[in-house]
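Novice: Next come a sequence and a model predicted from it.
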Amino acid sequence: MNRVTSKAITLAALMAALGNILSLLTTQLAPIAPNIPLGPITVNLALDLSHLATFISAALGGPALGAFTGALGGLVAAFEFGFSKGNLVTGFGLPLGKALTGLAGGFLLSRPTNRVLETSARTLASYIPEALLTLALFRFLLPPLMGLPVGLSTLIGFQIVVKACFEMVVLGLLLNWVLGHPALKALAGEAYVKPINP
């Protein structure tokens, strides 16, 4: 995207809102592990499909819009998995990680494709920067700041990344369908310089 338009900002805000709604719904409806108290923090693991909105923005608007949407769309997850559990590292790290995924997604999803496996591979590859950040936070920052054993914290981070990789593949399947929808094609044609599919 060469310039920021009011339509692009509006779509980014709508996608950020959608991301937060998806995050709230999926974390509440699909918990994988309940709240587990670990000393000064509580850890839980849940399905989170908020990146669907991040990927839509990234595919339509490019890296900057994807990063912006990812950061704002990660606020509910930051509260749910971070701040509300006493975990400031995750609270601040989640929006940053989601922004990295949106940034990478903007580069990797900018060329349209109708191939489902290729879209899933791109969404999975877009998650790599966030995965590395997650592993680094749980390995190096969370243990000294929260008093957790390094091995336990690293294991939790690894479980989060594995779960998220599964989510990225599923989101790639959904994204391929969503981006091909005629209503979104019409919206994208009006809101952005480049259409979704030629």
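Specialist: Thanks, I have it.
Novice: How about the contacts made by the most centrally placed residue in the chain?
Specialist: In the chain, the residue lying closest to the centroid (C-alpha atoms, centre = their mean) is His51, at 3.6 Å. His51 is in contact with Gly19, Gly70, Gly73, Lys98, Thr101, Thr123, Tyr127, Glu167, Met168, Leu171, counting by C-beta atoms under 8 Å, 6 or more residues apart in numbering. Placement of C-beta: from N, CA and C, glycine included.
Novice: which of those residues are buried?
Specialist: Buried subset of the contacts of His51 (neighbour count, 16 or more other C-beta atoms under 10 Å): Gly19, Gly70, Gly73, Lys98, Thr101, Thr123, Tyr127, Glu167, Met168, Leu171.
Novice: other SSEs contacting the longest helix seen in the chain?
Specialist: In the chain, taking DSSP state H as the definition, the longest helix is helix 150-179. With contacts defined as 3 or more C-beta pairs under 8 Å, 6 or more residues apart in numbering; DSSP states H and E, the packing partners of helix 150-179 are strand 41-46, helix 51-61, helix 116-126, helix 128-136, helix 142-146.
Novice: Of those, flag the one that's most buried.
Specialist: helix 51-61 (a mean of 30; mean count of other C-beta atoms under 10 Å).
Novice: CA atoms only for it, dumped as PDB, please.
Specialist: The C-alpha coordinates for helix 51-61 follow below in PDB (Å, rounded to 0.1, in the frame of the first residue of the first chain):
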ATOM      1  CA  HIS A  51      -5.000 -13.800  13.400                       C
ATOM      2  CA  LEU A  52      -7.600 -14.300  10.700                       C
ATOM      3  CA  ALA A  53      -8.300 -10.600  10.900                       C
ATOM      4  CA  THR A  54      -4.600  -9.900  11.000                       C
ATOM      5  CA  PHE A  55      -4.000 -11.900   7.800                       C
ATOM      6  CA  ILE A  56      -7.000 -10.300   6.000                       C
ATOM      7  CA  SER A  57      -5.500  -6.900   6.700                       C
ATOM      8  CA  ALA A  58      -2.000  -8.000   5.800                       C
ATOM      9  CA  ALA A  59      -3.200  -9.600   2.500                       C
ATOM     10  CA  LEU A  60      -5.200  -6.500   1.500                       C
ATOM     11  CA  GLY A  61      -3.100  -3.700   2.900                       C
END
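Novice: Just the mean pLDDT for that helix, thanks.
Specialist: Mean pLDDT, helix 51-61: 93.
Novice: and the angle for that helix with helix 116-126?
Specialist: Taking axes from the mean of the first three to the mean of the last three C-alpha atoms, to 10 degrees, one finds helix 51-61 and helix 116-126 inclined to each other by 100 degrees.
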